[in-house]
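In: can't give you the sequence, but here's the structure:
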């Protein structure tokens, strides 16, 4: 059994309040959770207006599947024009 963990640090382009930021982050998290069936949450930068951090985890019996899944998630977030990815860290255990 293998566990894939990914952390994405994001900059929100048009966030003027914490409420707007949370709406954008919640939207991204919920779409990723439903589309890819992963465990995901906002894990940092809670009080920053323009920065957010989301963490995700998935379990599989193949490391190749986890690599592909994390790549799809990163591509999905990268295509969202409301945010920009500034840092990505991935690990498979």
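Out: Noted; the coordinates are in hand. Note that the coordinates shown come from a computational prediction; the quantities given were computed from them, not determined experimentally.
In: what about the helices in the protein?
Out: 18-36, 63-78 (DSSP state H).
In: can you lay out the ones you listed as a markdown table showing mean pLDDT?
Out: Below are those laid out as a markdown table (pLDDT from 0 to 100):
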| stretch | mean pLDDT |
| --- | --- |
| helix 18-36 | 94 |
| helix 63-78 | 95 |
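In: of the ones you listed, which is nearest residue 84?
Out: Set against residue 84 and scored by Cβ to Cβ, the helices of the chain come closest in helix 63-78, at 8.3 Å. Using the backbone N, CA and C atoms, a C-beta is placed for each residue, glycine as well.
In: count of residues packed around residue 46?
Out: 13 (other Cβ atoms under 10 Å).
In: can you pull the contacts of it?
Out: With contacts defined as Cβ atoms under 8 Å, 6 or more residues apart in numbering, residue 46 has no neighbours.
In: just to revisit the earlier point, so which of the helices of the chain gets nearest residue 49?
Out: Judging these by Cβ to Cβ, what sits closest to residue 49 is helix 18-36, at 6.1 Å.
In: now the angle from that closest one to helix 63-78?
Out: 140 degrees (axes from the mean of the first three to the mean of the last three Cα atoms, to 10 degrees).
In: in stretch 50-70, which residues are buried?
Out: Buried residues in stretch 50-70, counted by 16 or more other Cβ atoms under 10 Å: 51, 52, 53, 54, 56, 58, 60, 66, 69, 70.
In: check those residues and tell me the two furthest apart.
Out: Between any two of the buried residues of stretch 50-70, the greatest separation by Cβ to Cβ is 30.1 Å, found for 51 and 60.
In: okay, which residue is most central for the protein?
Out: By Cα atoms, centre = their mean, the mean C-alpha position of the chain lies nearest to residue 54, the distance being 4.4 Å.
In: for that residue, give the beta-bridge partners.
Out: With DSSP bridges as the criterion, residue 54 is bridged to residue 8, residue 42.
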